[in-house]
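Student: kindly return the folded structure for what I paste below:
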Amino acid sequence: MKKDLMDIICCPTCKSPLILSIEKEEKNEVIEGSLICETCNVSYDIEESIPNLLPKKPSS
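Tutor: You can find the predicted model right below:
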């Protein structure tokens, strides 16, 4: 996932901004990590540069 997407990407459930947590990156691309919504208390994984933004139920 290109870091530039953070300017336009948002939580698919509540539309709040997401926080990027990087585990592995190359140049300006995130290879492994997660996108975190503090409003919904949900984390979306990034695997092989692909963010999985399928809506999830908030964790308790």
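
Student: please name the bridge partners of Val42.
Tutor: Cys37 (DSSP bridges).

Student: er, Glu26 actually
Tutor: Beta-bridge pairing of Glu26, defined through DSSP bridges, involves Glu29.

Student: and Glu47, by the same measure?
Tutor: Here Glu47 sits in beta bridges with Ile50, going by DSSP bridges.

Student: count of residues packed around it?
Tutor: Counted by other CB atoms under 10 Å, the residues lying close to Glu47 total 13. All C-beta spots, glycine's among them, are computed from the backbone N, C-alpha and C.

Student: how about the contacts made by the most centrally placed residue in the chain?
Tutor: The chain has Leu35 as the residue nearest its centroid, 2.2 Å off, counting by CA atoms, centre = their mean. Contacts were defined as CB atoms under 8 Å, 6 or more residues apart in numbering; by that measure Leu35 touches 9, 18-21, 43-44, 46, 51, 53.

Student: check what pLDDT it gets.
Tutor: Per-residue confidence (pLDDT) for Leu35: 97.

Student: element containing it?
Tutor: Following DSSP states H and E, the helix or strand that holds Leu35 is strand 29-37.

Student: repeat for Leu20
Tutor: Element membership of Leu20 [criterion: DSSP H and E] is strand 19-26.

Student: using neighbour counts, pick out the buried residues of that strand.
Tutor: With burial defined by 16 or more other CB atoms under 10 Å, the residues of strand 19-26 counted as buried are 20, 25.
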